[in-house]
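Engineer: how would this look folded up:
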Amino acid sequence: MSSLGRSDSTPLSAADRHSSRGIPAMKRDVHNNLEAQYTTYRIVRQLRDMPPHEVYEVYVDGQHAVYKGNTEPTGKAATEGCVTAFVSEHTSVPVPEILHVEDDYYIAAWHPDAPTPDVGRELNEMWADAAGRLLATLHDETAPLLDTYGHFIPAGEAISVAGSDDWHAAATDYIRRHRPILAQYGHADVADAVIEFLIDHPDILTGAGDSVCCHGWATPEHISVVDGQAVSIVDFEHVIAAPGEFDYWRTALPTFNHDTDGLQELFRAGYESVRALPTGFERRAPLYKVLNEVYYFESLYVQNQHGAEETEQRANWFRQSVCETLEMLS
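Structural biologist: Okay, the predicted model is just below:
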């Protein structure tokens, strides 16, 4: 993708600092944060405005960059920034360079090949193979660095994992962490049913594998492939320390739904050309579907992208799907 706007190191006037020609009024927090860190800045355009984050294309002291900040309490911009920096430092996985991280936002250098909302990414054979290899590389190169399952938390300029040395316990905690939003909208019983199921089936995740850095949403919207090679992966906002199969199914289930072109087979082959999948990972797939749908349930309300009637319809669909899958697994 070509760069937009121009790099300009000339100091900006007060009016320039707080407005951008042709762009809707920006949230004051964005300007305050940029002004606090840089001598000059310019907001080119808003790339994304979907709770719990907002994303802008910017120039900071003449450098082309991306700003991502929290807009809701569930936002995890600081964690995302720190994890991206961690991946950049410790792996060969291509991620944007992190320039600055604060408690509620981060700034990354502009990556010309990074996916953006206005650049479509085609789901094809080339993408499936390259994305599978990239995801396996992320898992393979972070496995030696992690020994705990759970959620990442920023620790100054570093990152740590707050969780458990047992994946079953961490998966149960994963549901508990999503329960408050579901409870707020009258669906606590869905989360409780999943928690109860996990407690009643302590061995259901046995053999899942070691903890790795799981991106959490490695779809075409977040992975760019050029000439058969993955050149950028962005948006680690859903990151979790979990077995690689968590990330595999978190990607495969929504991306290759009703796959009739054999793309999931190519994705799997690409993955396994780098890292083996554990025995039984297909048997555990329905449970990962449940874990995913609890997250989708929360996002339905956090992102608030639908009218009341459609939201209710989608919520009822998630309820039914979770209950049917748990019944099938019981």
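
Engineer: would you list every one of the helices in the stretch 101-250 of the chain?
Structural biologist: 125-142, 167-184, 188-200, 244-255 (DSSP state H, counting those that start in this stretch).

Engineer: what comes into contact with the host helix or strand of Ala36?
Structural biologist: Assessed by DSSP states H and E, Ala36 sits inside helix 28-37. Outside helix 28-37, the residues that touch it by Cβ atoms under 8 Å, 6 or more residues apart in numbering are 17-18, 41, 43, 54, 56, 58, 60, 67, 69, 100, 102, 105, 107. All C-beta spots, glycine's among them, are computed from the backbone N, C-alpha and C.

Engineer: keeping just the C-alphas, turn that helix into PDB.
Structural biologist: C-alpha atoms of helix 28-37 as PDB (Å, rounded to 0.1, in the frame of the first residue of the first chain):
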ATOM      1  CA  ARG A  28      -9.500  15.100  22.100                       C
ATOM      2  CA  ASP A  29      -7.500  12.300  23.700                       C
ATOM      3  CA  VAL A  30      -5.700  11.500  20.500                       C
ATOM      4  CA  HIS A  31      -4.400  15.100  20.200                       C
ATOM      5  CA  ASN A  32      -3.500  15.300  23.800                       C
ATOM      6  CA  ASN A  33      -1.500  12.000  23.700                       C
ATOM      7  CA  LEU A  34       0.300  12.900  20.500                       C
ATOM      8  CA  GLU A  35       1.100  16.400  21.700                       C
ATOM      9  CA  ALA A  36       2.500  15.100  25.000                       C
ATOM     10  CA  GLN A  37       5.000  12.900  23.200                       C
END
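
Engineer: CA atoms only: put whichever helix or strand comes after it into CSV for me.
Structural biologist: As assigned by DSSP H and E, the chain's next helix or strand after helix 28-37 is strand 41-50. What follows is strand 41-50 as a C-alpha-only set of coordinates in CSV (Å, rounded to 0.1, in the frame of the first residue of the first chain):
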residue,chain,number,x,y,z
TYR,A,41,2.3,15.6,14.7
ARG,A,42,-0.3,15.4,12.0
ILE,A,43,-3.4,13.2,11.9
VAL,A,44,-3.9,12.0,8.3
ARG,A,45,-7.1,10.0,8.8
GLN,A,46,-9.0,7.6,11.0
LEU,A,47,-8.4,4.0,10.0
ARG,A,48,-10.8,2.4,12.5
ASP,A,49,-13.3,3.4,15.1
MET,A,50,-14.7,0.2,16.6
